[in-house]
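Student: Mind looking at a prediction? Sequence and model below.
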Amino acid sequence: MPDDEGENVTVTEPDVTVVIGAYEGMPYLVECLASVEAQTLDPARVEVVAVDDGSTDGTGEYLEEFAARAPMAVTVIRQRNSGGPSGPRNVGLARATGRYVFFLDADDRLGPEALQRMVAVADRAGTDVVLGRVEGVNRGAPKSMWHKSLDRTDVFSSHIKYTLSAQKLFRRALLERHGMRFDESLFTGEDALFTMEAYLRADGVSVVADHTCYYLVGRDDGKHVTKGGGYALRFDSARSLMRLIADLVPAGERRDLLMVRPFVVTLLPQFGPRWLKDSEEVRRHKLELAKPLMDAYWSAGVSRLLKVHERLRLHLVAAGRPDLLTDVVKFLRADKQAAALLEKGGRHLYLVYPHFRDRKAGVPDEVYRAGEREARPFLGWVEQPAGSLLRRAVRKARQALPAARDLNRDDRTAAA
């Protein structure tokens with residue numbers, strides 16, 4: 001369009017805005033910004049919006065130094081500390097002008113060619129979200145979704161529900177169309193809520209599995225944001241994610257599939273080894289916090305998708321049985337192998353965790369029944385009707401698992 005002097009001026013929007021929320025980011029910020037500067041995408045097609053969230057360690061000054069020399073457009077915003085990562089991300093998102101937005105944490109770094117590769121696949125496939133392979137540095141990283149690159153998938157037919165961090169490429173039009181922002185009332189799990197909503201609203205998701213696009217860095221000082229917060233915040237996170245899934249996905253198999261994520265990843269760890277260290281008051285409070293979630297969202301459909309030890313613990317949480325739960329957690333903490341019990345001609349396999357067929361405990365047999373995937377490693381498990389092969393397999397299983405054989409003999413009258 002012509003300017004005031006009649007010359008033609010071409011106005012182009014960047015391909016991608018890199019939003020960096022930074023709090024006490026030094027010295028990790030140095031490598032973070034170096035990884036941005038080293039990207040192979042044309043610097044004219046990249047903009048950086050960096051928000052210093054009240055740092056006192058020189059983070060803001062270093063961001064301004066970077067802005068003065070960087071080959072791409074850099075905007076630095078300095079503000080008082082907001083208390084969490086959501087505020088800086090929202091401020092950065094409000095200033096973004098790129099077709100896509102990528103959220104980069106100040107203590108992490110981009111892989112070589114990351115932006116170029118992710119933008120290319122989004123443009124080629126027309127997808128709204130792109131996941132680039134993540135590698136951990138001095139910390140763990142998600143793995144199950146990187147087996148194969150996918151031009152187009154969704155949250156129901158892949159493992160992407162197990163990576164809900166914000167470090168992904170999002171089409172900005174999607175975020176603006178739905179008014180999506182990070183929930184500033186949450187101090188943990190805010191990125192899970194944002195990313196799950198994006199998955200559910202997206203017109204397709206792409207996965208770049210054959211190239212490391214992001215390095216998730218474990219800080220030596222232990223100050224990584226995901227490590228903070230008390231247990232009550234985890235229940236807040238689970239509640240918000242469960243509510244979002246229930247609001248956007250009708251009841252049924254697809255909802256059950258997604259509910260596995262908050263139940264197993266967010267809620268269940270509160271009833272793992274740390275339960276044994278909790279005081280009676282904390283245990284009581286955890287069960288109080290869990291009760292409305294179990295009442296509203298725990299279902300037979302979700303239960304069937306879990307492993308036996310996961311299902312058993314959550315069943316006991318739902319039933320309000322801390323005494324039985326403690327026994328199960330102690331068993332797991334001791335790294336014991338549950339005996340396997342074959343019945344119904346080899347068609348049913350039960351894993352004998354504590355209180356199996358204990359009449360006083362009253363836990364239904366179905367809670368202990370292994371699903372197809374969990375049953376496969378056990379000798380004697382077959383999916384065909386009974387036959388000679390089946391009988392040989394059952395005999396081998398009983399020989400290999402004496403604990404299961406003895407239990408089968410002693411409880412024969414109670415067998416289903």
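Tutor: Looks like it arrived, so ask away.

Student: Only C-alpha atoms from now on, for both contacts and neighbour counts.
Tutor: Will do.

Student: Show me the strands paired with the one helix or strand residue 17 maps to, marking each as parallel or antiparallel.
Tutor: Assigned by DSSP states H and E, residue 17 belongs to strand 16-22. Looking at strand 16-22 with DSSP bridges, its partner strands are strand 46-53 (parallel), strand 100-105 (parallel).

Student: which ones are touching the closest residue in space to residue 116 that isn't next to it in sequence?
Tutor: With sequence-adjacent residues excluded and distances taken as C-alpha to C-alpha, 6 or more residues apart in numbering, residue 116 is closest to residue 41, at 5.0 Å. Shown in contact with residue 41 (C-alpha atoms under 8 Å, 6 or more residues apart in numbering): 113, 115-116.

Student: let's see it at 10 Å
Tutor: Residues near residue 41 by C-alpha atoms under 10 Å, 6 or more residues apart in numbering: 15-16, 113-117, 119.

Student: now residue 196
Tutor: 155, 160-166, 202, 241, 244-245, 258.

Student: In three-state terms, how would it be classified?
Tutor: Judged by DSSP: H, G, I helix; E, B strand; the rest coil, the three-state class of residue 196 is helix.

Student: ditto for the one 10 residues further on
Tutor: Secondary structure for residue 206, judged by three-state DSSP, is strand.

Student: follow-up on the earlier one: pick the one among the contacts of residue 41 closest to residue 84.
Tutor: Comparing the contacts of residue 41 against residue 84 with C-alpha to C-alpha places residue 16 closest, at 24.0 Å.

Student: was I right about the closest one contacting residue 97?
Tutor: Yes: if you go by C-alpha atoms under 10 Å, residue 16 and residue 97 touch, sitting 8.0 Å apart.

Student: Need the overlap of contacts for those two.
Tutor: 46-48, 172.

Student: before we move on, back to that, scan the contacts of residue 196 and report the most crowded one.
Tutor: Highest neighbour count within these: residue 241, with 25 neighbours (other C-alpha atoms under 10 Å).

Student: what about the one helix or strand that residue maps to, average pLDDT?
Tutor: Following DSSP H and E, one finds residue 241 within helix 231-248. Averaged across helix 231-248, pLDDT comes to 97.

Student: elements contacting it?
Tutor: Judged by 3 or more C-alpha pairs under 10 Å, 6 or more residues apart in numbering; DSSP states H and E, helix 231-248 is in contact with helix 190-201, helix 253-261, helix 280-297.

Student: Just name the most buried of those.
Tutor: helix 190-201 (a mean of 21; mean count of other C-alpha atoms under 10 Å).

Student: returning to what we had before: downstream of the strand holding residue 17, the next helix or strand is which one?
Tutor: helix 28-37.

Student: Specify the angle between that following helix and strand 100-105 in degrees.
Tutor: If you take axes from the mean of the first three to the mean of the last three C-alpha atoms, to 10 degrees, helix 28-37 sits at 160 degrees to strand 100-105.

Student: Residue 343 touches residue 351, doesn't it?
Tutor: No: with contact defined as C-alpha under 10 Å, residue 343 does not count as touching residue 351 (11.4 Å).

Student: of those two, who's got more company?
Tutor: A direct count of neighbours by other C-alpha under 10 Å for residue 343 and residue 351 places residue 351 higher, at 23 against 16.

Student: how about the more buried one, phi and psi?
Tutor: phi -100, psi 120 (degrees, to the nearest 10).

Student: For it, give me its contacts.
Tutor: Counting by C-alpha under 10 Å, 6+ apart, residue 351 has contacts 307-309, 337-342, 365, 367-370, 374-375, 404.

Student: again, only this time at 8 Å
Tutor: Residues near residue 351 by C-alpha under 8 Å, 6+ apart: 308, 338-341, 368-370.

Student: For the residue lying closest to it once chain neighbours are set aside, report the pLDDT, please.
Tutor: Ranked by C-alpha to C-alpha, 6+ apart and with sequence neighbours excluded, the top spatial neighbour of residue 351 is residue 340, at 4.8 Å. Model confidence at residue 340, given as pLDDT, is 92.

Student: Shouldn't residue 340 be within a strand?
Tutor: Yes: counting by three-state DSSP, one finds residue 340 located in a strand.

Student: ok, it - how many residues close by?
Tutor: Other residues close to residue 340 by other C-alpha under 10 Å number 28.

Student: Equivalent analysis for residue 150, please.
Tutor: Neighbours of residue 150 (other C-alpha under 10 Å): 19.

Student: what does residue 178 give?
Tutor: With other C-alpha under 10 Å as criterion, residue 178 counts 11.

Student: For it, give me the pLDDT.
Tutor: pLDDT recorded at residue 178 is 98.

Student: Contact partners for it?
Tutor: Counting by C-alpha under 8 Å, 6+ apart, residue 178 makes contact with nothing.

Student: Show the backbone phi and psi for it.
Tutor: Main-chain torsions, residue 178, degrees, to the nearest 10: phi -100, psi 10.

Student: that older thread, what sits up against the strand holding residue 17?
Tutor: With contacts defined as C-alpha under 8 Å, 6+ apart, strand 16-22 is touched by 45-53, 55, 59, 85, 88-89, 92-93, 96-106, 115, 119.

Student: between the contacts of residue 351, which is closest to residue 355?
Tutor: Using C-alpha to C-alpha, the contacts of residue 351 come closest to residue 355 at residue 368, 9.8 Å.

Student: List the contacts of the closest one.
Tutor: Residues near residue 368 by C-alpha under 8 Å, 6+ apart: 308-309, 312, 350-353, 356.

Student: For stretch 321-329, buried residues please.
Tutor: Neighbour-count burial for stretch 321-329, counted by 16 or more other C-alpha atoms under 10 Å, picks out 322, 324-326, 328-329.

Student: With pLDDT and distance to residue 149 added, can I get the residues you listed in CSV?
Tutor: Below are those laid out as CSV (pLDDT from 0 to 100; distance: C-alpha to C-alpha, whole Å):
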residue, pLDDT, distance to residue 149
322, 97, 44
324, 98, 44
325, 98, 40
326, 98, 42
328, 97, 39
329, 98, 38
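
Student: would a markdown table of the residues you listed with secondary structure and distance to residue 215 be doable?
Tutor: Shown next, in a markdown table, are the buried residues of stretch 321-329 (DSSP: H, G, I helix; E, B strand; the rest coil; distance: C-alpha to C-alpha, whole Å):
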| residue | secondary structure | distance to residue 215 |
| --- | --- | --- |
| 322 | helix | 40 |
| 324 | helix | 41 |
| 325 | helix | 38 |
| 326 | helix | 38 |
| 328 | helix | 37 |
| 329 | helix | 34 |
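
Student: So residue 14: helix, strand or coil?
Tutor: What three-state DSSP gives for residue 14 is coil.
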